[in-house]
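Q: Dropping a prediction and its sequence here:
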Amino acid sequence: MKAEGQGLPSAALIPAAGAGTRLRLGPKAFVEVGGRTLLARSVAALAPHVDEVVVALPAGWSLPAGLPARSIVGGATRQESVRLLLEATAAEVVLVHDAARPFLPARAVRALLEAVEEVGAATVALPVADTLVRSEGRNWREGVPREGLWAVQTPQGFRREVLTRAHGAAHEEGVTATDDAGLVARLGLPVALMPGDARLFKVTTPGDLALAQALAAVWDAEQGEQ
Ligand SMILES: Nc1ccn([C@@H]2O[C@H](COP(=O)(O)OP(=O)(O)OP(=O)(O)O)[C@@H](O)[C@H]2O)c(=O)n1
Ligand SMILES: C[C@](O)(CO)[C@H](O)COP(=O)(O)O
């Protein structure tokens, strides 16, 4: 955990309650790469930077022994799991991070925390590098200009009151978004975009898992050197 008395009380909130439908190996947070679960890797990456780590798990699942975290039961959607996590902490600064993104550089966490202090809300993201098209079925006529488009990753960081307001408004209005920064942005509040990392990809499909298996040994060796 971070040094006592350093900065505002902070928490890492890890939604890990998904079913892993696209990966087809059961709840994804418990899938292993390089001998450690996705969840253990995400917790270990965040714990040194915050005062506490809270994880949302699927009903009936427990936190593996030895993880520096506590758990709650998640909701039916990612958005609901994050709302429940937020209710479960009193921290003034919260970092929300998908359990399914196991390779999280410390540099990204530090940059995010600084941006939250300055702006109130921030997310890591990468500029889109591929050509984009909108298609219904096989045929498409026009590409989508990619200038100004970003692929948003996690972690995302917020002052507590900002995220509470965003989730409260979404809940009341029945609005859903694919991430928490989106819920803040729709209120017209600023969200800083901080440099993400190609290795921060989300393990979503079997192809992603193969990539993660290949990366794990290199990643672990690099972390050992730091
Ligand atoms: N009800 C849910 C759904 C998702 N998540 C979490 O949100 C993150 C991103 O979601 P995703 O990659 O979509 O995970 P799953 O929902 O497990 O995947 P799928 O959509 O393929 O079932 C994951 O860490 C997942 O565990 C959650 O906490 N609660
Ligand atoms: C939150 C997120 O990881 C940001 O890119 C993403 O939106 C989650 O999407 P999912 O379909 O719930 O995995």
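A: That came through fine. Numbers count the residues shown, from 1 in each chain. Ligands and ions are numbered 1, 2, ... in the order given.

Q: distance of the closest residue to Ala40 other than its chain neighbours from Thr154?
A: Nearest residue to Ala40, sequence neighbours excluded (C-beta to C-beta, 6 or more residues apart in numbering): Leu67, at 6.1 Å. Every residue, glycine included, has its C-beta placed from N, CA and C. As for Leu67, its distance to Thr154 is 18 Å (criterion: C-beta to C-beta, to the nearest Å).

Q: Looking at these two, which has the bigger crowd around it?
A: Shown here are Leu67 and Thr154; by other C-beta atoms under 10 Å, Thr154 has more neighbours (27 against 17).

Q: what about the more buried one, which SS state?
A: Per DSSP: H, G, I helix; E, B strand; the rest coil, the secondary structure class of Thr154 is strand.

Q: Report all helices and strands that the host helix or strand of Arg83 contacts.
A: Element membership for Arg83, per DSSP states H and E: helix 78-87. If contacts are counted by 3 or more C-beta pairs under 8 Å, 6 or more residues apart in numbering; DSSP states H and E, helix 78-87 sits against strand 10-15, strand 52-57, strand 70-73, strand 93-96, helix 160-173, helix 180-185.

Q: gap between the residue nearest to Ala40 and Pro127?
A: 34 Å.

Q: ok so, going back, hmm, who's touching the helix holding Arg83?
A: Residues outside helix 78-87 that contact it (C-beta atoms under 8 Å, 6 or more residues apart in numbering): 13-15, 17-18, 54, 56, 72-75, 94, 96, 160, 163-164, 167, 170-171, 176-178, 180, 183.

Q: if we can go back for a sec, wouldn't the residue nearest to Ala40 be in contact with Val43 here?
A: Yes: Leu67 lies in contact with Val43 (C-beta atoms under 8 Å); the separation is 5.0 Å.

Q: Around ligand 2, pick out the residues from this structure.
A: Counting by C-beta under 6 Å from any ligand atom, the chain comes close to ligand 2 at Arg78, Asp98, Val152, Gln153, Thr154, Thr178, Asp179, Lys202.

Q: Ligand 1 next: which of the residues you listed are close?
A: Within the residues of the chain next to ligand 2, those near ligand 1 by C-beta under 6 Å from any ligand atom are Arg78, Asp98, Lys202.

Q: May I ask which of the residues you listed has the most neighbours?
A: Asp98 (25 neighbours).

Q: just checking, that one is part of a strand?
A: No: counting by three-state DSSP, Asp98 is not part of a strand but coil.

Q: Arg83: neighbouring residues, count only.
A: 24.

Q: In this protein, which residue is most central in space?
A: His97 (2.3 Å; C-alpha atoms, centre = their mean).

Q: Check the offset of the lowest-mean-pLDDT helix or strand in the chain from the chain's centre.
A: Within the chain, confidence by mean pLDDT, DSSP states H and E is lowest for strand 143-144 among all helices and strands, at a mean of 90. Strand 143-144 sits 28 Å away from the centroid of its parent chain (C-alpha atoms, centre = their mean, to the nearest Å).
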